[in-house]
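>>> Could you look at this predicted model? Sequence included:
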Amino acid sequence: MATTTHETRHEIQDKAILVSLITDEIKRGGSDPEHSLDELVSLAETAGVEVLSAITQNRETPDSRWFIGKGKVEELRAAADELGATTAIFDQELSGAQVRNLEEALDLKIIDRTQLILDIFAGRAKTREGIIQVELAQLSYLLPRLVGHGKNLSRLGGGIGTRGPGETKLETDRRHIRDRISDLKRQLEEVVRHRKLHRERRKKSGVTQVALVGYTNAGKSTLLRELTAADVYVENQLFATLDPTSRTWELPSGKEIVLTDTVGFIQNLPHDLVAAFRATLEEVNEADLILHVIDSSSPMREEQIAVVGDILTQLGAGDKPQLMVYNKKDLCSSDCRELLAGGKEALLISAYDKEDLDRLSNAVQDKLTGDTKSFAIPAERGDLIALAYRCGEVLHQEAEEDLVKLTVQLNKHEFEVSGYKLEPFTSMDEIRTEG
C-alpha cells in the first residue's frame, strides 16, 4: 500500500528559504530588518526547520499580488529548485490571497512570521489553558485568510504551519470555524473566571506577587529555577516557556512571596496571540513588582526593552513598579557596566552567580518593604491582628489593657481584607474598620 503524505511528514524536516521585504515604512520605523531576519532564523530553528538560505528585497511598498516583486518570485523559485526547499517563510505578515498566489507560483508551502510563531506556541502548549489560547489565536488568524491556505490545510499534522486546529479541506465552512472560536472563547472565559478567583484569594491572604517579564530567551526561567529551586524547563531557545509557572520564593527576611514566570515577548508578537493570552498575561497586572529581565549580551537589548515596555503598556501594566535585571553578564562585553549608569533602578547579574542572586533578593525585598508603622488594635479583633502579620513583618508587639500594640514594617501594596482596611498610623490610634 502506498505511503501517504500524512504518514510520512512527521519524519521529514521542513527545508526553508527565508524571505524579507524591506519597505520604506519599515525603514522609517527605525526597526532593524537584519536583526528581524536573524530572529526569524532562530524562530525557524525553534520550530524544527532547516534554514537553507535567505532572500531580501527592497521595495517602496509590498506587491499586492505577490508581496515581493514578480522577478523576486522567479528568483525564489530558482533557489528553491536548486536547494531542494519545501517551504518559504516570510518575515512579514501575508494576506490569504498572497499566500495562494505564492503557493501556485512556487509549489512551496508558504508561511509568514505570525503563523510560524503561532506554530511554535502550538507545539509548546501543555496546559488546557495554553492549548485553548493557542487554538483560538490560530483560528482567529486563519479565518480571514481561509481562501489562501489550500496546501497548508491539506497537510494535516505535517510540519510547521499545520499544528493545532489543522482543518483538512479548503472548503471548510467558515461558520464551523466561527462556532469553534465562540466555543473556545466560552472555555477561556471559564478559565479566566477561575484564574480571577485564585488571584482574589491570593490578594485576600496578603500574598505578595512578583512577575518575571522580558524578551524571549532573556533567562527568566533560569532565574525562576535558581531562585526557587523550581523544576521548570530551561533551554537556550525562543519561547522555551509558554505556560506561566508560579513558585514560592523566600526572601532574606524569611518572608515568602510568589514569583511567576511569564511567556517571553518578541517584536511583532501577533495581535491574535496577545489577545488570546491576555488572561495569562493579566497575572502581570496583579503583581506588586515586575522584574524586567534583559539579556545584557544582546546587541539589540535597547530595542528589546522597548518591545517589552510597549506590550506592558498594552496590558495596562506600564506604570507598575519595576526593577530592571540585566542578566547574562558573563556573556556581556566590557561596556556592560554602562547599563547601570544614569541612576535607573537596575542590577547587572548572572543567574548562575550566588552572590548576584543574593543581591537580587535583597533588592526585591527593599522594593517591596514599606515604612514602619505603629498600630493599636482592640484585643478581641484577632482577625485584624492576624491581618497585621500578613501585611508585613511585625517588629514589636505588646499588650496594654484591651489593646494590642504592634510595630509593623509594611509591604508596599494595599491592605484590604474582608471589608476592613488596615490604616497605617504613626500614633497608637485605634485601628479603624470600614463597612
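Structure received. These figures come from a predicted structure and were not determined experimentally.
>>> Regarding the residue nearest the centre of the chain, what is its secondary structure?
Compute the mean C-alpha point of the chain, and by CA atoms, centre = their mean the closest residue is residue 263, 2.7 Å away. Put simply, residue 263 is coil when judged by DSSP: H, G, I helix; E, B strand; the rest coil.
>>> Local confidence estimate at it?
Here, the pLDDT recorded for residue 263 equals 77.
>>> how close does residue 86 sit to residue 224?
Going from residue 86 to residue 224 by CB to CB, to the nearest Å gives 37 Å. Backbone N, C-alpha and C define where each C-beta goes, glycine included.
>>> Of these two, which one has the most company?
Set residue 86 next to residue 224 and count neighbours by other CB atoms under 10 Å: residue 224 wins out with 25 against 21.
>>> need the contact list for residue 311.
Residue 311 is in contact with 265, 269, 274, counting by CB atoms under 8 Å, 6 or more residues apart in numbering.
>>> Any of the residues you listed buried? List them.
With burial judged by 16 or more other CB atoms under 10 Å, the buried subset of the contacts of residue 311 is 265, 269.
>>> now, which of the contacts of residue 311 sits nearest residue 120?
Closest approach to residue 120 among those (CB to CB): residue 269, at 11.7 Å.
>>> The closest residue to the closest one other than its chain neighbours and residue 189: what is the separation?
Excluding its sequence neighbours, the residue lying closest to residue 269 (CB to CB, 6 or more residues apart in numbering) is residue 311, at 6.8 Å. From residue 311 across to residue 189, the span is 23 Å (CB to CB).
>>> Repeat that for residue 314.
20 Å.
>>> Of the two, which one has the most company?
Neighbours were counted for residue 314 and for residue 189 using other CB under 10 Å; residue 314 has more, 14 against 11.
>>> I figured the more buried one was touching residue 275, is that so?
No. Contact criterion CB atoms under 8 Å: residue 314 and residue 275 do not qualify, at 10.0 Å.
>>> Show me where the stretch 151-300 of the chain has its strands.
Using DSSP state E, counting those that start in this stretch, the strands found in the stretch 151-300 of the chain span residues 209-214, 245-250, 256-261, 289-295.
>>> Need the residues that contact the last one.
Outside strand 289-295, the residues that touch it by CB under 8 Å, 6+ apart are 208-215, 217-220, 223, 284, 301, 304-305, 308, 312, 317, 320-328, 364, 367-368.
>>> Who does it pair with, and is each partner parallel or antiparallel?
In the sheet, strand 289-295 lines up against strand 209-214 (parallel), strand 322-327 (parallel) (DSSP bridges).
>>> after the last one, next one along is what?
Okay, so that is strand 322-327. On the C-terminal side of strand 322-327, the closest following helix or strand by DSSP states H and E is strand 346-348.
>>> Mind listing the strands that following strand pairs with, and their directions?
For strand 346-348, the paired strands and their directions (DSSP bridges) read strand 322-327 (parallel).
>>> Give the rounded mean pLDDT of the partner strand.
Strand 322-327 shows a mean pLDDT of 93.
>>> What are the contacting residues of that strand?
For strand 322-327, the external contacting residues (CB under 8 Å, 6+ apart) are 218-219, 222-223, 289-296, 301, 305, 332, 336, 339-340, 344-351, 360, 363-364, 367.
>>> 7 Å instead?
With contact meaning CB atoms under 7 Å, 6 or more residues apart in numbering, strand 322-327 is reached by 218-219, 223, 289-296, 339, 344-349, 351, 360, 363-364, 367.
>>> just to revisit the earlier point, out of the strands of the stretch 151-300 of the chain, nearest to residue 382?
Closest among the strands of the stretch 151-300 of the chain, using CB to CB: strand 256-261, at 21.9 Å.
>>> Next up, the contacts around residue 305.
By CB under 7 Å, 6+ apart, the residues touching residue 305 are residue 294.
>>> how close does it sit to residue 123?
Computed with CB to CB, the distance linking residue 305 and residue 123 is 28 Å.
>>> now do residue 75
For residue 75 relative to residue 123 (CB to CB), the value is 31 Å.
>>> now residue 228
26 Å.
>>> do the same with residue 212
Distance, residue 212 to residue 123, by CB to CB: 22 Å.
>>> Tell me if I'm right that residue 93 and residue 112 touch.
Yes. Between residue 93 and residue 112 there is a contact under CB atoms under 7 Å: 5.1 Å.
>>> Compare the two and say which is more crowded by neighbours.
When residue 93 and residue 112 are compared for neighbours, residue 112 comes out ahead with 24 against 17, by other CB under 10 Å.
>>> give me every residue that touches that one.
90, 92, 93, 94.
>>> Strands of the stretch 1-150 of the chain, start to end?
Using DSSP E, counting those that start in this stretch, strands in the stretch 1-150 of the chain cover 15-22, 50-58, 87-90, 109-112.
>>> backbone phi and psi for the residue nearest to residue 269, please?
The phi/psi pair for residue 311 (degrees, to the nearest 10) reads phi -70, psi -40.
>>> do the same with the one 10 residues further on
Comment: the main-chain dihedrals of residue 321 come out as phi -60, psi 130, following degrees, to the nearest 10.
>>> Can you report how many residues neighbour the residue nearest to residue 293 when sequence neighbours are not counted?
Closest residue in space to residue 293, ignoring its immediate chain neighbours: residue 214 at 3.7 Å, by CB to CB, 6+ apart. Number of residues near residue 214 (other CB under 10 Å) recorded here: 26.
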